[in-house]
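Undergrad: sequence and predicted structure are below.
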Amino acid sequence: MAQSAPLILRIVASSVSAANQAGKIIRDVMSKGELGIVDKGVNDLQTEADRTAQRCIVSSLSKQFPSIKIIGEEDQGGQECPLPPEWLVTDSDPGVLNLQCPKDLQNVKEEEVVVWVDPLDGTSEYTQGLLDHVTVLIGVAVGERAVGGVIHQPYFEYQKFERPDLAPGRTIWGIPGVGTGGFEPRVAEVGKRIVTTTRSHSNALVQSALDAIQPTEVLRVGGAGHKVMLLLEGKAHAYVFASAGCKKWDTCAPEAILSAAGGTLTDMLGRPYLYHASVQHLNASGVLAAATKEDHAWYASKVPDSVRQKLSG
């Protein structure tokens with residue numbers, strides 16, 4: 001079945017398994033207590049979990065799909081590093097393999113695919129023990145658009161377990177035109193305007209956009225993956241970040257899943273982000289996302305001209 005399924009389904013199915021293994025690696029590193037933190041810049045940390053999780057994902061996908069382009073946050077030549085055999089994932093999620101692939105993606109070739117990987121989204125929160133903010137992101141793009149996404153939450157509902165490393169985690173996926181799996185999308189409470197935004201990269205521009213929206217509540221959390229999960233779970237209506245900062249590996253997977261669930265993710269001016277291999281990695285014009293297209297249009301209409309001008313480059 002695996003080899004007869006269309007390429008896109010096989011990549012997403014393999015990404016589900018790779019994300020599960022990466023989550024286990026992240027929990028193992030934390031439980032051993034040696035995070036191996038490297039400071040890459042202002043509010044930009046890297047840990048041993050980031051590095052080893054990326055090696056797992058990149059090596060596993062490269063072995064199965066040698067001609068796809070993989071762009072990961074932790075640029076370390078993961079394909080060439082020695083890899084413990086137990087880290088290499090070769091199985092695929094059968095539920096994804098059995099799906100009906102959209103017609104326009106049925107004949108995609110490996111050379112046309114770009115996979116964007118953030119092996120540990122929310123690294124700062126990981127080092128601070130805010131474990132529910134942490135996600136593993138694997139986004140699949142064809143041409144310029146995100147066509148598949150996987151989000152793994154290594155510490156999903158970890159409070160229910162005796163130790164955080166005993167939590168099995170949760171993996172969700174989405175393919176626009178197909179649907180989502182691993183969770184049940186929920187609708188946020190009507191009559192409120194709950195907005196999620198950055199907890200560590202705020203500035204006057206970010207605050208100006210929030211003020212214009214007049215939210216009833218602001219959830220300041222870490223990780224783009226976690227913020228989009230709040231939309232998908234009905235805990236927030238919109239994700240507003242009026243600043244450069246996040247990258248394509250932060251948004252490719254969340255955008256694909258949100259789109260598959262009926263939502264929209266763009267820059268703050270409502271323009272789509274592109275995910276081809278030569279695109280700049282920085283999302284220079286911020287992020288605006290909502291769980292429905294109608295909500296996204298409303299929030300986009302409230303972005304002040306002063307914010308638009310600052311981010312229009």
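TA: The structure has been received and is ready for your questions. Numbering: from 1, shown residues only.
Undergrad: return the distance of stretch 242-253 from the chain's centre.
TA: 9 Å (CA atoms, centre = their mean, to the nearest Å).
Undergrad: check the separation of the first and last residues in that stretch.
TA: By CA to CA, to the nearest Å, the extent of stretch 242-253 from end to end equals 20 Å.
Undergrad: and it, what's buried?
TA: 242-253 (16 or more other CB atoms under 10 Å). Placement of C-beta: from N, CA and C, glycine included.
Undergrad: ok, stretch 118-138 next?
TA: Residues of stretch 118-138 classed as buried by neighbour count (16+ other CB under 10 Å): 118-126, 130-138.
Undergrad: quick check, A49 in contact with K24.
TA: No: with contacts counted by CB atoms under 8 Å, A49 stays clear of K24, the gap being 10.6 Å.
Undergrad: so which elements touch the helix or strand where R55 lies?
TA: Element membership of R55, judged by DSSP states H and E, is helix 48-64. When contacts are defined as 3 or more CB pairs under 8 Å, 6 or more residues apart in numbering; DSSP states H and E, helix 48-64 sits against helix 7-32, strand 69-72, strand 113-121, strand 135-142.
Undergrad: please identify the most buried of these.
TA: Neighbour counts (mean count of other CB atoms under 10 Å) averaged over each of the helices and strands packed on helix 48-64 peak at strand 135-142, with a mean of 29.
Undergrad: residue ranges of the helices in the stretch 101-250 of the chain, please?
TA: For the stretch 101-250 of the chain, the helices defined by DSSP state H, counting those that start in this stretch occupy 123-127, 204-213, 224-232, 248-260.
Undergrad: any idea which of those gets closest to A5?
TA: helix 248-260 (17.7 Å; CB to CB).
Undergrad: state the mean pLDDT of that closest one.
TA: Per-region confidence: helix 248-260 scores 98 on mean pLDDT.
Undergrad: what's the answer for stretch 53-72, then?
TA: Across stretch 53-72, pLDDT averages out at 95.
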